[in-house]
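**Student:** predicted model follows, preceded by the sequence.
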Amino acid sequence: MTGDLLWRTAWQWRQREQDGPWTDVERAEFRAWLRADPLHQQRFDEVCRVWAEASLVPTRFVDPDPDVPLDIEALRKAFHGTRGATGDGEEDR
């Protein structure tokens, strides 16, 4: 499975998990998929982290008007604090 396909598959499993109770068959399919390759569990864990972090984005930054650009700096500060990570391992100065 290529990296992108593996990520999409893990994302689809996470979505299915979010959608509600699984049947015994679905649960067995998911467990079999996880056991089939160690990368499956790794990608699923990554997807779960992204899913959880996305839920932390303040709703005031989810703008329903796509023509109005988001204030990325305000979003970064709200998510990381005023001296948050810049993504390069350094704190803002």
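**Tutor:** Received the coordinates, thanks. Numbers count the residues shown, from 1 in each chain.
**Student:** how about residue 21, secondary structure?
**Tutor:** What DSSP: H, G, I helix; E, B strand; the rest coil gives for residue 21 is coil.
**Student:** tell me the spacing between it and residue 27.
**Tutor:** 9 Å (Cβ to Cβ, to the nearest Å). For every residue, glycine as well, the C-beta is placed using N, CA and C.
**Student:** which of those two has more residues huddled nearby?
**Tutor:** Neighbour count, other Cβ atoms under 10 Å: between residue 21 and residue 27, residue 27 has more, with 12 against 7.
**Student:** can you confirm the more buried one is in a helix?
**Tutor:** Yes. Residue 27: assigned to a helix according to three-state DSSP.
**Student:** in the protein, which spans are helices?
**Tutor:** 3-19, 24-36, 38-54, 72-80 (DSSP state H).
**Student:** including mean pLDDT, could the ones you listed go into TSV?
**Tutor:** Listed next are these as TSV, based on pLDDT from 0 to 100:
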stretch	mean pLDDT
helix 3-19	89
helix 24-36	96
helix 38-54	90
helix 72-80	64
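**Student:** any idea how many residues pack against residue 48?
**Tutor:** Count around residue 48 with other Cβ under 10 Å applied: 15.
**Student:** again with residue 53
**Tutor:** 10.
**Student:** one more: residue 38?
**Tutor:** 9.
**Student:** residues contacting the residue lying closest to residue 47 once chain neighbours are set aside?
**Tutor:** Nearest non-adjacent residue to residue 47, counting by Cβ to Cβ, 6 or more residues apart in numbering: residue 10, 4.4 Å away. Shown in contact with residue 10 (Cβ atoms under 8 Å, 6 or more residues apart in numbering): 40, 43-44, 46-47.
**Student:** repeat the analysis, applying 7 Å as the threshold.
**Tutor:** 40, 43-44, 47 (Cβ atoms under 7 Å, 6 or more residues apart in numbering).
**Student:** a markdown table for those residues, including distance to residue 16?
**Tutor:** Listed next are the contacts of residue 10 as a markdown table, based on distance: Cβ to Cβ, whole Å:
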| residue | distance to residue 16 |
| --- | --- |
| 40 | 14 |
| 43 | 15 |
| 44 | 12 |
| 47 | 12 |
